[in-house]
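Engineer: Sharing a model that was predicted from the sequence below.
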Amino acid sequence: MPTDAISGAQDAFIAADVGGTHVRIGLVRGSRDPGAPVNVLEYRKYACADYAGLGDIVADFIAGLGATRVARAVIASAGYALEDGTVITNNLPWRLSPAALRTQLGFDDVRLVNDFEAVAHAAAQMDASEVLQLTGPAIAPKHGPTLILGPGTGLGAAVWIPTGKRAVVLATEAGQAALTAGNALEMALLGEMLKTRTHVPVEQALSGPGLMNLYTALCAVRGTAPAPYTHPGEITAAAQSGEDVLARESLEVFCGLLGSVVGDMALLYGVQGGVYLAGGILPKIRDVLIASSFVPRFLNKGSMREALERIPVKLVEHGQLGVIGAARWYLEHQQGE
């Protein structure tokens with residue numbers, strides 16, 4: 001760690017963004033002032049499958065910090081928190097418990113926050129150099145609720161609501177809402193998915209695994225045997241290179257469905273301050289997304305089209321967004337205690 005970082009590390013703490021595939025973890029420090037930046041002193045990315053639990057990952061990260069003592073942590077994770085502090089999540093390979101982390105690591109304080117609730121605390125502060133404008137005005141004409149959404153191992157979403165000095169963030173389980181079709185092909189794909197389950201959630205199509213599901217269903221609809229892809233990255237690579245026509249079509253269906261779902265959520269939550277698409281698969285398919293039906297499908301809401309045209313939609317391209325957002329959440333909640 002650089003000397004200047006060491007000098008300021010005494011009041012630093014761990015902030016981790018726990019996804020179904022990777023854990024992004026940082027040693028961070030910052031001011032409780034809501035407008036102040038978070039400084040990331042150290043940062044690493046871990047594969048969940050390589051470790052028996054989150055405690056082992058945090059311990060490994062701390063071991064690399066040398067003599068720096070850390071006793072506090074905030075964990076951003078998808079899922080539903082129970083009263084005993086454990087988390088129900090579909091996508092993690094191991095149990096997640098803040099109490100167990102405190103015991104294992106000897107920490108004084110371990111907090112848990114929904115992953116997209118954390119991202120919401122960071123995305124609202126992203127500047128123009130860290131975003132790609134997809135549609136709408138550069139600046140929202142009204143200061144109102146902002147939607148932050150992103151497909152990764154699952155689909156996460158949160159709503160940032162300005163209420164004066166300190167905003168309120170509404171965490172959601174939008175990825176578990178029922179997927180709806182917007183055209184004949186999507187109805188056929190939904191029909192294929194319904195052959196194996198009674199409920200098809202949004203993230204069954206709009207996530208990394210969801211892209212795999214779309215490809216498999218599309219091959220069934222087209223009467224073609226699917227290629228032996230084992231990872232969504234293989235589908236995006238084949239789609240972008242042009243070597244697999246159905247992979248490309250699957251990616252285009254993905255983008256169209258995403259536009260429709262984001263438009264629905266913007267209306268459901270009364271979004272006026274903008275939409276941020278954060279992390280996950282989207283930066284990897286940036287060019288496809290721009291050329292896709294995402295924007296037309298986002299706007300295709302009948303008489304509400306004019307309202308949606310007033311909402312900026314931006315792709316956030318900050319790799320440490322979850323870590324920074326978790327840290328910002330922790331600092332703001334300390335202020336309120």
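Structural biologist: On my side now, so go ahead. Numbers count the residues shown, from 1 in each chain.

Engineer: how about the strands of the stretch 101-250 of the chain, start to end?
Structural biologist: For the stretch 101-250 of the chain, the strands defined by DSSP state E, counting those that start in this stretch cover 109-114, 131-135, 146-151, 155-161, 168-171.

Engineer: Report the contact partners of residue 160.
Structural biologist: 120-121, 123-124, 145-148, 167, 169, 273 (CB atoms under 8 Å, 6 or more residues apart in numbering). In this view, the C-beta of every residue, glycine as well, is placed from N, C-alpha and C.

Engineer: separation between it and residue 137?
Structural biologist: Shown here: residue 160 relative to residue 137, a distance of 18 Å by CB to CB, to the nearest Å.

Engineer: Check residue 205 too.
Structural biologist: Applying CB to CB to residue 205 and residue 137 gives a distance of 29 Å.

Engineer: Which of those two has more residues huddled nearby?
Structural biologist: residue 205 (28 against 12; other CB atoms under 10 Å).

Engineer: so what pLDDT did the more buried one get?
Structural biologist: In this model, residue 205 is scored at 97, pLDDT.

Engineer: what do you get for residue 260?
Structural biologist: Reported pLDDT for residue 260: 98.

Engineer: With the flanking residues excluded, which residue is spatially nearest to it?
Structural biologist: Using CB to CB, 6 or more residues apart in numbering and skipping residues adjacent in sequence, the residue nearest residue 260 is residue 297, 4.5 Å away.

Engineer: Just say helix, strand or coil for the one you found.
Structural biologist: Following DSSP: H, G, I helix; E, B strand; the rest coil, the label given to residue 297 is helix.

Engineer: Output the below-cut-off pLDDT ranges for the stretch 101-250 of the chain.
Structural biologist: Applying pLDDT under 70 to the stretch 101-250 of the chain flags residues 124, 127-129.

Engineer: Skipping its backbone neighbours, what lies nearest the residue minimising distance to the centre of the chain in space?
Structural biologist: Against the mean C-alpha coordinate of the chain, by CA atoms, centre = their mean, the closest residue is residue 150 at 4.1 Å. Using CB to CB, 6+ apart and skipping the chain neighbours, the partner closest in space to residue 150 is residue 278 (4.1 Å).

Engineer: Residue 100 too?
Structural biologist: Using CB to CB, 6+ apart, the nearest residue to residue 100 is residue 55, at 6.9 Å.

Engineer: can you check residue 73 too?
Structural biologist: Nearest to residue 73 is residue 14, by CB to CB, 6+ apart, at 3.9 Å.

Engineer: looking at this, that neighbour is in a helix?
Structural biologist: No - per three-state DSSP, residue 14 lies outside any helix segment and is strand.

Engineer: gap between residue 24 and residue 225?
Structural biologist: 37 Å.

Engineer: same question, residue 95
Structural biologist: Taking CB to CB, one finds residue 95 at 38 Å from residue 225.

Engineer: So which of residue 24 and residue 225 has more stuff around it?
Structural biologist: Ranked by neighbour count (other CB under 10 Å), residue 24 and residue 225 place residue 24 first, with 21 against 7.

Engineer: Show me what the helix or strand hosting the more buried one is packed up against.
Structural biologist: Following DSSP states H and E, one finds residue 24 within strand 22-30. Applying 3 or more CB pairs under 8 Å, 6 or more residues apart in numbering; DSSP states H and E, we find strand 22-30 packed against strand 13-18, strand 38-47, helix 54-63, helix 321-335.

Engineer: Partner strands of that strand, with direction?
Structural biologist: strand 13-18 (antiparallel), strand 38-47 (antiparallel) (DSSP bridges).
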